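In: Need a 3D model of the sequence below.
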Amino acid sequence: METLRTSGILSCKLPLKLTETPLNVGVSRRVGFAYLRNQRRTNIQSLCLTKSLTDNSGGGFSSSSQDGSSIVEDDKEEGLLLGTERDDSGSVVGFHLIPQSGDSKVIDSHGNGANVREEVSEDIEGGEEPATLVTHNIVFVTAEAAPYSKTGGLGDVCGSLPIALAARGHRVMVVSPRYLDGGLSDEKFAGAVDSKCQIKVYCFGGVQEVGFFHEYKAGVDWVFVDHPSYHRPGTPYGDIFGAFGDNQFRFTLLCHAACEAPLVLPLGGYTYGEKCLFLANDWHAGLVPVLLAAKYRPYGVYKDARSIIVIHNLAHQGVEPAVTYKNLGLPPEWYGALEWVFPTWARTHALDTGEAVNVLKGAIVTADRILTVSQGYSWEITTAEGGYGLQELLSSRKIVLNGIINGIDVKEWDPSSDKHISSHYSIDDLSGKVQCKIGLQKELGLPSRPDCPLIGFIGRLDFQKGVDLILAALPELLQDDVQFVMLGSGEKQYEDWMRVTESLYKDKFRGWVGFNVPISHRITAGCDILLMPSRFEPCGLNQLYAMRYGTIPVVHGTGGLKNTVVNFNPYAREGRGEGTGWTFSPLTRENMLAALRVAIGTYMEHKSSWEELMKRGMERESSWDNAAVQYEQVFKWAFIDPPYVS
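Out: Model (predicted):
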């Protein structure tokens, strides 16, 4: 056995002579990128067509390549036609090959990056769901993934989108830390098995050793990076005393390990290999695109890989003092990609130069594509108000910047089968919703009044969510004949305010301090109106849950809220109406109260219009399947141009 070492990485140990047979799962074999640089296997790469099932010419066969891509080969090309695709005006906008029978799908191996047809439109929404033409080896890198770890929307996305993409034929791996706190939450990782593969990476002035645990579930390889720094009480980011002081270290380890995982882990007998598509989520995974460009591609590794940075919240960027750059395991000459200088007004004292490193900035510079979780947010982050200092950089890369609305788990959030609510209902039978309302009122100790408008809020109790506006408006709002329910935790001043308000308005207000999943389902089902006065909201999920449950959202017109909630117009469609809720802007107490009172008035005086509002919201397509199709379009665009190089 021989140990190979290059560029700060101690690669996995294995005999220097490898066979072409699949690697055995569970055997501790390691392949460092330096070895792959010199001994890279040649993969068959081809554009292949599947013939019609009614074609009796025979001769075709299918197989799978060792990098996981699907390959279908035919020894004949008889009967293939060049078909044209036209727009509404009749103009030719594309071509595709079809069998003469016209009833079979065109399939393309991703080996050479060729596509049967490339979409040129930046509009990636709408239309019928197309067949998956190109399959990829996709690697999600994330600080959290439900149900294993979750603090908010990031965990939901990285727990659901990979499953949707795997169902469409992609090979998908999710790489996330193995968080252990010594409590009941450790049971979430009980199904993950130690891969017996340890790797050593160079960062933070020394060699760090990490391991991998693996669970295959729902068609996805869930890979958990194991290191003592992930074994502590608290959330993935901090505890009751604040953010962990070593978060830069913890997430630097995650990024290095995620880049090695496709090369060293024989999942299902085969590694993912070098031709991967990395989806790095938020700053915690932001070093991945930088590592691909600075550490691997100069040695010929990952030269065909691509990376996409997915921004869920631009407010968090992974900014640390400039002196910490040496800890990241990057070559000195790449400092400029992460260099960050605070403006004078933001510096701590007169001698402070404001020099820092910004991990998210480095990802934006080096990633092949940039995604946000809504179209509205993709525009907002290019403005001075929403860019948090990165607006000019993001504007300069606008050509590769897109937004895709998050989906939701439509099985978990389904009023016809939800195990947490007192009565089931559907778009065809809404009678169960009023029973959910009565059940919620009884559970919270409010008077059981099915005709009284019940307004809800679910979310963090902080400035971003607009809780201060609710605080300012509630005394006036509760003068009306309404009830109000809040669920959330956050800043102590707002938690204390909820308790005081409940004592003052015993028959009208209830506040639940903390977060409880069953209660969140019952509030979503039992309320008539959901209020979301967020100052900014990259996507937002609660408004999607609310609409699926026939609860009408009243939201500030920002980010994903603006993209998902359509303003009610009772006069549209020849008086049949349109819209799924109300948006208000600009964000003021007065505008919020005005929108709420219009909603309350509609609920009280126009029952038929209200029922149509409920049904339109429940009909809205919010599944991850729809989002997955749009992600595939961005994947195509990512492979059009060469990857980032310095």
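In: C-alpha only now, for contacts and for neighbours.
Out: Fine.
In: Could you report the neighbour count for residue 500?
Out: 12 (other Cα atoms under 10 Å).
In: Going by contacts, tell me the helices and strands next to the helix or strand containing it.
Out: Residue 500 is part of helix 492-504, with elements assigned from DSSP states H and E. Judged by 3 or more Cα pairs under 8 Å, 6 or more residues apart in numbering; DSSP states H and E, helix 492-504 is in contact with strand 509-513.
In: What strands flank the strand it packs on, and is each parallel or antiparallel?
Out: strand 483-488 (parallel) (DSSP bridges).
In: Now do the strand it pairs with against helix 492-504, angle only.
Out: For strand 483-488 against helix 492-504, the angle by axes from the mean of the first three to the mean of the last three Cα atoms, to 10 degrees is 150 degrees.
In: which parts of strand 483-488 are buried?
Out: Within strand 483-488, the residues that count as buried by 16 or more other Cα atoms under 10 Å are 483-488.
In: so can I have CSV of these showing distance to residue 519 and pLDDT?
Out: Below are these laid out as CSV (distance: Cα to Cα, whole Å; pLDDT from 0 to 100):
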residue, distance to residue 519, pLDDT
483, 17, 98
484, 15, 98
485, 11, 98
486, 11, 97
487, 8, 95
488, 11, 91
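In: Output those in TSV, with distance to residue 545 appended to each entry.
Out: Formatted as TSV, the buried residues of strand 483-488 follow (distance: Cα to Cα, whole Å):
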residue	distance to residue 545
483	20
484	18
485	16
486	16
487	15
488	16
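In: What is the nearest of the residues you listed to residue 254?
Out: residue 488 (29.9 Å; Cα to Cα).
In: and the gap between the closest one and residue 590?
Out: 24 Å (Cα to Cα, to the nearest Å).
In: Ok, residue 338 next?
Out: 42 Å.
In: Tell me which of the two has more neighbours.
Out: More crowded of residue 338 and residue 590, by other Cα under 10 Å: residue 338, with 22 against 14.
In: roughly how far apart are that one and residue 324?
Out: Counting by Cα to Cα - residue 338 and residue 324 are separated by 11 Å.
In: now residue 429
Out: From residue 429 to residue 324 the distance is 59 Å (Cα to Cα).
In: who's more crowded, those two?
Out: It is residue 324, of residue 429 and residue 324, that has more neighbours when counted by other Cα under 10 Å, with 14 against 10.
In: give the contact list for the more buried one.
Out: residue 357 (Cα atoms under 8 Å, 6 or more residues apart in numbering).
In: quick one: it and residue 288, what's the gap?
Out: 17 Å.
In: and what of residue 569?
Out: Distance from residue 569 to residue 288, by Cα to Cα: 46 Å.
In: Give me the more crowded residue out of the two.
Out: Neighbours of residue 569 and residue 288, each counted by other Cα under 10 Å, are more numerous for residue 288; the result is 31 against 17.
In: what's next to the helix holding residue 500, contact-wise?
Out: By Cα under 8 Å, 6+ apart, helix 492-504 touches 461-462, 467, 471, 489, 509-513.
In: could you dump those residues to a markdown table with pLDDT?
Out: Shown next, in a markdown table, are the contacts of helix 492-504 (pLDDT from 0 to 100):
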| residue | pLDDT |
| --- | --- |
| 461 | 93 |
| 462 | 92 |
| 467 | 96 |
| 471 | 96 |
| 489 | 88 |
| 509 | 97 |
| 510 | 96 |
| 511 | 95 |
| 512 | 93 |
| 513 | 91 |
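In: Can you turn the buried part of the residues you listed into a PyMOL selection?
Out: Buried residues within the contacts of helix 492-504, by 16+ other Cα under 10 Å, are selected in PyMOL with:
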select buried, resi 461+462+467+489+509+510+511+512+513
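In: from the contacts of helix 492-504, which two are the most distant?
Out: Every pair of the contacts of helix 492-504 checked by Cα to Cα; the farthest is 462 and 509, at 19.1 Å.
In: Residues in a beta bridge with the closest residue to residue 209 other than its chain neighbours, which ones?
Out: Of all residues not flanking residue 209 in the chain, residue 200 sits nearest, at 4.4 Å (Cα to Cα, 6 or more residues apart in numbering). Per DSSP bridges, the residues bridged to residue 200 are residue 10, residue 209.
In: what's around residue 200, how many residues?
Out: Residues near residue 200, counting by other Cα under 10 Å: 21.
In: distance of it from residue 571?
Out: For residue 200 relative to residue 571 (Cα to Cα), the value is 65 Å.
In: Please apply the same query to residue 238.
Out: 50 Å.
In: quick one: which of those two has more around it?
Out: Using other Cα under 10 Å as the criterion, residue 238 and residue 571 rank with residue 238 on top: 15 against 10.
In: that older thread, format the contacts of helix 492-504 as CSV; extra columns: distance to residue 145.
Out: Below are those laid out as CSV (distance: Cα to Cα, whole Å):
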residue, distance to residue 145
461, 23
462, 23
467, 27
471, 33
489, 21
509, 34
510, 31
511, 28
512, 26
513, 24
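In: ok, so of the contacts of helix 492-504, who is nearest residue 344?
Out: The closest of those, once distances to residue 344 are taken by Cα to Cα, is residue 462, at 27.4 Å.
In: Show the backbone phi and psi for the closest one.
Out: phi -150, psi 180 (degrees, to the nearest 10).
In: what sits against it?
Out: 468, 490-491, 494.
In: Looking at those, which has the smallest pLDDT value?
Out: The lowest pLDDT within these belongs to residue 490, with 87.
In: Next one: the closest residue to it other than its chain neighbours from residue 410, what distance?
Out: Nearest residue to residue 490, sequence neighbours excluded (Cα to Cα, 6+ apart): residue 461, at 4.5 Å. For residue 461, the distance to residue 410 (Cα to Cα) stands at 26 Å.
In: same thing with residue 212?
Out: With Cα to Cα as the criterion, residue 212 and residue 410 are 31 Å apart.
In: and what of residue 355?
Out: 46 Å.
In: Now do the same contact list for the one residue sitting closest to the centre of the chain.
Out: With distances taken as Cα atoms, centre = their mean, the residue of the chain nearest its centroid is residue 157 (3.6 Å). Applying Cα under 8 Å, 6+ apart to residue 157 gives the contacts 145, 406-407.
In: which residues in the stretch 351-500 of the chain form helices?
Out: 359-366, 375-380, 391-396, 431-444, 467-477, 492-504 (DSSP state H, counting those that start in this stretch).
In: If you count neighbours, what's buried in the longest one?
Out: Within helix 431-444, the residues that count as buried by 16+ other Cα under 10 Å are 432-441.
In: Just the closest of those residues to residue 605, please.
Out: Nearest to residue 605 among the buried residues of helix 431-444, with distances taken as Cα to Cα, is residue 434, at 17.1 Å.
In: Contacts for stretch 328-348 next, please.
Out: Here stretch 328-348 has contacts from 8, 202-204, 252, 291, 294-295, 322, 325-326, 353-362, 365-366, using Cα under 8 Å, 6+ apart.
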